[in-house]
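K.L.:
Give me a 3D structure for the following:
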Amino acid sequence: MKKYKKKKTKPSDADYVSNDELYIALVDYKKKCIDAENAGRKNPKLPDFIGECILKIATRLSYRPNFANYPYREEMVSDAVLNCVTYIDNFDPAKSTSPFGYLTQICWFSFVRIINKEKKEKYIQYKFAELQNDKDFHNWFNETYAGIDIGRRDFFGLTDLDMQRFDDMLNPPKKTKAKRTRKSKDNALDL
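P.N.:
Prediction:
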């Protein structure tokens, strides 16, 4: 019998973003923005080519092993695209010739921000379920996840560090006020 090897797939042109072409397009766009600003008009519309490149960068980055298995991956991509479009004007061609790196970094931090936000939401759900002492929830949880040796904390994907950080965030330490004492009129006369 023959063994068949799976051929390695190369990224297609549809997935590839050329840094050089993106740089040229951004330089042209920045020139148009400067001309519009000098003429007193609002900035021109972002070219479709740059928008497509941003979408490709965000989408391909979302398939990295760091981000691929999150159920809210599409939300991460859309937030990253929004952030890239918001901060595209901050790219300075005089300082850098790598808009691909600039946009990838924006997408990366956007993904991390969404993941942290979702972890906080999961923790709130976890705490709510824990504090409700709802027998129906406990029964549903035990029936659904019978045989799996995890607790609710693990079900919501939280680590010990996350739990401690969110506990500190939701329950900040209370500040105690020092009591002020007033001098009585009698003490003031004694001085």
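K.L.:
Over to residue 97. Which of the three states is it?
P.N.:
What DSSP: H, G, I helix; E, B strand; the rest coil gives for residue 97 is coil.
K.L.:
what does residue 103 give?
P.N.:
Put simply, residue 103 is helix when judged by three-state DSSP.
K.L.:
Residue 23: helix or strand, and which one exactly?
P.N.:
helix 19-39 (DSSP states H and E).
K.L.:
Need the contact partners of the following helix or strand past that helix.
P.N.:
Scanning forward in sequence from helix 19-39 by DSSP H and E, the next helix or strand is helix 48-62. Helix 48-62 is contacted from outside by 15-17, 21-22, 25-26, 29, 67-68, 73, 76-77, 80-81, 84-85, 88, 100, 103-104, 107-108, 111, using Cβ atoms under 8 Å, 6 or more residues apart in numbering. In short, each C-beta sits where N, CA and C put it, glycine included.
K.L.:
sorry, back to before: pull out the buried residues from the helix holding residue 23.
P.N.:
For helix 19-39, the neighbour count (16 or more other Cβ atoms under 10 Å) marks 22-23, 25-26, 29-30, 33 as buried.
K.L.:
what's the distance between residue 165 and residue 48?
P.N.:
From residue 165 across to residue 48, the span is 42 Å (Cβ to Cβ, to the nearest Å).
K.L.:
oh sorry, the question was meant for residue 78
P.N.:
Counting by Cβ to Cβ, the separation of residue 78 from residue 48 is 18 Å.
K.L.:
Can you pick out the residue with more neighbours from those two?
P.N.:
residue 78 (15 against 9; other Cβ atoms under 10 Å).
K.L.:
element containing the more buried one?
P.N.:
Short version, using DSSP H and E: residue 78 is in helix 73-87.
K.L.:
Kindly spell out which helices and strands sit in contact with that helix.
P.N.:
Contact here means 3 or more Cβ pairs under 8 Å, 6 or more residues apart in numbering; DSSP states H and E; on that basis helix 73-87 packs against helix 48-62, helix 99-132.
K.L.:
What does residue 68 show for phi and psi?
P.N.:
The phi and psi values for residue 68, taken as degrees, to the nearest 10, are phi -70, psi -30.
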